[in-house]
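Asker: Predicted model and sequence follow; I will ask about them next.
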Amino acid sequence: MGRLISSRSDGVLTVKDFVQAGMFPSSSVKSGIKLLAGGKERLTEPLLLEVSFASKSAIDAIEASGGYVTTVHFNRLAMRAHLKPETFHPKPNADSDVESDTDGDEGLDMHDNYLLPKRARPPPKYMQYYTDYEKRGYLNPRVQMERKQRGLKEVL
């Protein structure tokens, strides 16, 4: 339907893009979303995704079409900063009209204009998940290298 458009300069689809596309309300997203393989036969274009959890078959389907999946951890504060960065203070060097600057500069995203809190590390319960290459965890060195080779922004 053409509603799912990346808000980032590197073309990665995030939770924020799914919320803006109307797939679900932001109030229902607590710590992220899980990517499942239902409907994988309709996947025709390569997608670059950042989600909280992903099934093995969903990762295989995305990568078979030429896309890439990274699983990233969000605590509640990080999710709020991701979904609504405009609720945080603007950076001192940012332009006075921050909202209009989201499409202006190449390589500059809305998140780059605000003083956002640092993302918390996953709790010990989930640390193994986000360091596992099979799950495409963002803390795995191989995943970080692959993201860098593809020209994707670093997950902070």
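Answerer: Structure received.

Asker: Which pLDDT value goes with residue 152?
Answerer: Model confidence at residue 152, expressed as pLDDT, equals 91.

Asker: How about residue 137: what's its closest non-neighbour residue?
Answerer: Nearest non-adjacent residue to residue 137, counting by Cβ to Cβ, 6 or more residues apart in numbering: residue 130, 3.7 Å away. To be clear about C-beta, it is placed using only N, CA and C from the backbone, and glycine gets the same treatment.

Asker: Am I right that residue 50 sits in a strand?
Answerer: Yes. Residue 50 forms part of a strand when assessed by DSSP: H, G, I helix; E, B strand; the rest coil.

Asker: Just give the number of residues close to it.
Answerer: By other Cβ atoms under 10 Å, 28 other residues sit near residue 50.

Asker: on that earlier part again, list the contacts for the residue nearest to residue 137?
Answerer: Neighbour list for residue 130: 71-73, 122, 137-140 [criterion: Cβ atoms under 8 Å, 6 or more residues apart in numbering].

Asker: Tell me which helix or strand it sits in.
Answerer: For residue 130, the host element (DSSP states H and E) is helix 124-131.

Asker: what separates that helix from the chain centre, distance-wise?
Answerer: Distance, stretch centre to chain centre, for helix 124-131: 18 Å (Cα atoms, centre = their mean, to the nearest Å).

Asker: Residue 72 is in contact with residue 31, correct?
Answerer: No. Between residue 31 and residue 72 there is no contact under Cβ atoms under 8 Å: 10.7 Å.

Asker: who's more crowded, those two?
Answerer: residue 72 (23 against 14).

Asker: Could you count how many residues lie near the residue lying closest to the more buried one once chain neighbours are set aside?
Answerer: Spatially, and ignoring its direct neighbours in sequence, residue 72 is nearest to residue 138 (4.7 Å; Cβ to Cβ, 6+ apart). Neighbours of residue 138 under the rule other Cβ under 10 Å: 20.
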